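Undergrad: how would this look folded up:
(chains A, B and C)
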Amino acid sequence: MTALKVTDLSKTFPVGGGLFRAPKTAVRAVRPMSFEVAEGETLGIVGESGCGKSTLARMLVGLLEPTTGRIEIEGKPLDNADPAAFGKLIQYVFQDPVSSLNPRKTIRQIMEAPLKRLYGMDREERAARIREIFASVNLREDFLDRYPHEFSGGQAQRIGVARALAAAPRIIILDEPVSALDVSVQAQVLNLLADLKSEFNLTYLFISHDLAVVEAVSDRILVLYFGTVVEIGPAREVFKTPRHPYTKLLADSAPVVGRPLKAPEQKDSELPDPLNPPPGCAFVTRCPRATDRCRTAEPKLRPLGEHQLAACHHPLEG
Amino acid sequence: MISFLKLLFRNRLAAMGAVVLSAILILAVITPILPLADPDAISTADRFKRPFSEGHLLGTDHLGRDLLSRLLWGTRLSLAVGIFAALIAASIGSAIGIIAGYFGGRTDNVIMRAVDMLMAFPYILLALAIVAALGPGLVNALIAVAAVNIPFFARNIRGVTVGLAGREFVDAARLAGMGHGRIILTELLPNVASTIVIAMSTTVGWMILETAGLSFLGLGSQPPQADLGSMLGEARSALITAPHTSIVPGVMIFLIVMSINLLGDGVRDALDPRLRSGALTRPRAVTLVDRRGNVPRADQKGLLNIQELETQFHVGPRIYRAVNRVSLHVNPGEAIGLIGESGSGKSVTALSVMGLVASPPGVITGGAVRYAGEDLLAASYDSLRAKRGQNVAYIFQDPLSTLHPLYRVGDQLIEAIQAHNRVPETQARAEAIELLKSVRIPNPESRIHNYPHEMSGGMRQRVGIAMALANDPDVIIADEPTTALDVTVQAQILSLLDDLRRERGLAIIFITHDFGVVAQLCDRVAVMYGGRIVEEGPTETILEHPAHPYTKKLMACVPELGGGKRRLEAIPGLPPVVHELPPGCAFAPRCEKATEACRAGEIPLAGTETHTVRCIDPEEELA
Amino acid sequence: MGAYILKRLLSAIPVLLGITVIVFLIMAMIPGDPATAILGSYATPENVAKINRDLGLDQPLVNRYFIWLGNMLTGDFGRSFSLNRPVLDEILDRFNATLVLAGVSFVLASVLGILAGVVSAARQYGLADKLITFTVIIGISVPSFFLGMMMILLFAVNLRWLPVSGMYAIYGGGDLPDLLRHLIMPASALAVVATGVIARLSRSAMLEVLRQDYIRTARAKGVDERRVIMGHALRAAMVSIIPVLGIQAGFVLSGSVYIEIVFQWPGVGRMLVDAILKRDLLLVQGGVVFVAACYVFFNIVVDVAQSLLDPRIKT
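TA: Below is the predicted model of the structure:
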């Protein structure tokens, strides 16, 4: 069953312009994209800074209104304007655990907000529900009357996860949930997320820049470059047998113990200018396989191999 | 609240202000019940009596009215008007500011344009225009003063709100189903409240002054009613013959405003968390060195030799032992990796070498850092400065914040060259271009005119590396130079560093939390935990046969590409806080193998010539 | 650069229009009938109607605004009834005096304030810092009009070093030394508060900047500490000091009203206060618009200076 279906979703930000002037130009942060996530699946989303992964995530939870496209959760289209309608179905765990908790509220007040606003629970129901959730994320109940600054990053992130769970969503978007944490604490949080997923039958979208982490937690992986999906496929295959040259570049760049150091990319290339994007494939300036066709025609996402899709005119062999 | 008051009164000036202000406030409150003469009773026979005359403690004014009585009644009026104006300005201004900041976009744009318009007037023009329109009078002066201060609050509070509205907890509140009104009242307002209080406490005094000023001009309170300003205004014509009639109200205004300012500063300091931690102290040019005990003797190891280094942070009564007797050396042409989590002391170790730890609060309390045999911790500032960049150079983590934003990158490179060599500008410029070439920046001739913000993260870090290379140093200390970069850029930077090291025979101390990076670049590795080195040895040995349980666990819990979906090994618990380290092994609370002996006391670094570990029950026997 | 200046000048147009609208609206709030105020006891119905027609007061509000604006653009600010001369002539006569007073004060305050702030930050918690901090607290708390009066008592009345008031000596004055002698007290009394505010802000801006990573970078490459402070740190601190200079210029201009009264300085401020007390509203209106417009242009200069300093602004 499909938990999340996205059709032609895109976001364009106007640039320049003023109070009475029309914007001069626009940045296409997310180009029209479509994908599906099955119930119980973890979809990993990787990409480097500026690839549009956070914009995508914020649209999926309704914090940002899409320019085009529609979002369906379990077959029902979502009202783009109302975050509360999103709130019951889809929740968000933020990158910076400390900044995602209001410093002036106790943990109890933070936990109660979704229960009160989304479900209208009374005091006792709320207390019972919070107790339940805290037990499942391994947090002590005496934390409830403390303030966020009293917690370490790892604990604060557990609280962030607990808050997301309180809304009893079907889908949780995890936006770099461990990148602000120390390595020895990352694994704790990742394992907790895995446990919760099976316990509550959740669907995850896991966004990260860390390829190894994404590979370790995801069923399928979606690779973003410059606002476009360049490749999507099963986690075990995407980095082992990349079809898109950009995916290969990413995989080759990740430091691996025992692999000698060699720059995978000798050209001193930079990301394309978002205000002035190249007409064809956005990766063309960095791509060793680029031809004239790549410079003029934008490649479409197409199936390659059994489960993989890539947007490339000259894909790599499997 | 109690801790706030404590903090406030620890500040002696603020306490003084509070005492003076409370005295004045109490006097103002009890004025009606004090046995005072009628402030408006005219007695022309008693004009201009000097202070301390019979029946008139402070003398009388030009109409023979009792000055003490007029002073107290005037103070009462001035305080009331000033405080009331501040309250009006603060509530209207803050409401405007929060709304503009929270909604942003067009709402913000329209409101802030209007506010800018009001701020385009020198404030008194607006106040004068308002008084001109409404007519002179105390209430009108109050309205004018409140009105001209509204933009100040609006702008201030908007600034803070914009920062908060972008924070993730506001998004979280929206996802929890809260509406705009509720978010403003329960999420934003409590967070801007302290800013409002600060803005008020720093402007009340100013507003009292402004209303007094309008009254002084004859535009505020009208006779016979007097506030402090109009008393001063009326006394001005007799300034030379009877100066006390001017001095009495003038000094009172001064006392009120000063006590409010002192208290206001204290409130600001106590409420502003940045100031609270003492963060606004200026770091000295060199870290303070205060070595207790003996300086270790030179042992001829390595080109740069860190011996038993101890660096601490003294914050209030707490002592953070960031670096606890760390010894480490690096030979010419060698790359050594210093690996650890945040708070392990790896960066502080690196910064201690050239005295770059911010001080206060940092203090180097023991050990030695020898460069070619000379103890840098005992060196004078001039001799240390001469070695910074010349012999030992640094590459820092985030090139956006570590390059000066207002200088062109070329000028920053030229400065690095000229800091040590008196070369003419043109030659330095040519060298700078060469440097940019050597770190493979395309079009260096035009790139040297760029400002840092005009470059991408990877290019900026190349400039950082070029700057470190400027004087051909022997040792480069790279403090997480690739952590802020994307993976594909990280790979480029790492291979560049590796090439440079081989070409130039550089010694590199590479600080990171990433085993993958260390494995690719470094010959030797030292692992830090809780301010100490827990294991050290050749990279391959440690990667294949880690001896310390922490090293082993740390490697296991970091996923590596190619492993597929799996459950990760986790280390329970949290890294230690270095101001309350347990006796014995700092890792013991998180270690499955820990025994009583681990917690009992100091565990030495032991092992072979090349591979050492600080553990009594290591994973691998080192022989 | 030229393009930036042009852009800023163009953006001043709506601000200037806004200023005229605000002033106009405030003046339109006046209760009662200006004609009666002007005529006083001569207010017969015919006279009132005539004045209203002359002043265009029988027209709707919007029309009146545009008539007023149009007149001002052609240099006609109206006629002051209390002085019986054109408003603009009076303003221009008075503005020079204010400009001299406020300008000297502002330069004094900026130079001394920044200097004190830098010294204070560089010697944080040292004797110089404590002394400066203490002086600054006193300076920003003392009302400038009171300070001016006390200066007159001390330096003019008791010590007889300086003239009591005025801009030039009545007999035999008029040259530059004479002006300077008259200027010393009012200019310094006016500068005190601004100096204090600028010094405080410069100190905290310097302290903030000195904690930044790029200062550590400068030290790490071996740059001399004097250059670190006077070059790297001060330059970066100026980015937050310059806007405050712009704001303080407004405060100096404002404070000059009091100082002009205390020292009988023949400037615009004194003219405005007299005009308000005499209910000469055309003079008030014209004076406020004129001075505010000058301040707007001054702020453009500040912005341009800021953009020269900070390359991140020019977008």
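
Undergrad: Please list the residues of the stretch 1-150 of chain C that sit near chain A.
TA: By Cβ under 8 Å from any Cβ of the partner chain, no residue of the stretch 1-150 of chain C approaches chain A. Yep, even glycine has a C-beta here, placed from its N, CA and C like the rest.

Undergrad: So which residues of the stretch 1-150 of chain C form strands?
TA: Taking DSSP state E, counting those that start in this stretch as the test, the strands found in the stretch 1-150 of chain C are C:79-80, C:85-86.

Undergrad: Return the most buried member of the ones you listed.
TA: strand C:79-80 (a mean of 20; mean count of other Cβ atoms under 10 Å in any protein chain shown).

Undergrad: Which other helices and strands does that strand contact?
TA: Applying 3 or more Cβ pairs under 8 Å, 6 or more residues apart in numbering or on different chains; DSSP states H and E, one finds that strand C:79-80 makes contact with strand C:85-86, helix C:87-122, helix C:281-309.

Undergrad: The residue of the stretch 451-600 of chain B found nearest chain A is in what secondary structure piece?
TA: Among all residues of the stretch 451-600 of chain B, B:Gly516 sits closest to chain A, at 3.1 Å; criterion: Cβ to the nearest Cβ. Take DSSP states H and E as the rule and B:Gly516 turns out to sit in helix B:515-521.

Undergrad: Same check on A:Gln157?
TA: Counting by DSSP H and E, A:Gln157 is found in helix A:153-166.

Undergrad: Quick one: name whatever helix or strand follows that helix.
TA: Following helix A:153-166 toward the C-terminus (DSSP H and E): strand A:171-175.

Undergrad: That next one and chain B in contact?
TA: No. Strand A:171-175 lies out of reach of chain B by Cβ under 8 Å from any Cβ, never closer than 9.1 Å.

Undergrad: circling back: pull the distance from the helix holding B:Gly516 to the chain's centre.
TA: Remark: helix B:515-521 is offset 33 Å from the chain centroid, using Cα atoms, centre = their mean, to the nearest Å.

Undergrad: was I right about A:Thr203 contacting A:Val37?
TA: Yes. Between A:Thr203 and A:Val37 there is a contact at 5.8 Å, judged by Cβ atoms under 8 Å.

Undergrad: Now for these two: what residues contact both?
TA: A:3-4, A:171 (Cβ atoms under 8 Å, 6 or more residues apart in numbering or on different chains).

Undergrad: of all those, which comes closest to chain B?
TA: Among the shared contacts of A:Thr203 and A:Val37, A:Ile171 lies closest to chain B (Cβ to the nearest Cβ), at 12.1 Å.

Undergrad: ok, now how distant is the closest one from B:Ser380?
TA: In this view, A:Ile171 and B:Ser380 are 63 Å apart by Cβ to Cβ, to the nearest Å.

Undergrad: mind giving me TSV with the helices and strands packed on strand C:79-80 and columns for mean pLDDT?
TA: Conversion of these to TSV gives the following (pLDDT from 0 to 100):
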stretch	mean pLDDT
strand C:85-86	90
helix C:87-122	94
helix C:281-309	90
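
Undergrad: so can I have TSV of those showing distance to chain B?
TA: TSV is the format used below for these (distance: least, Cβ to the nearest Cβ, whole Å):
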stretch	distance to chain B
strand C:85-86	19
helix C:87-122	6
helix C:281-309	5
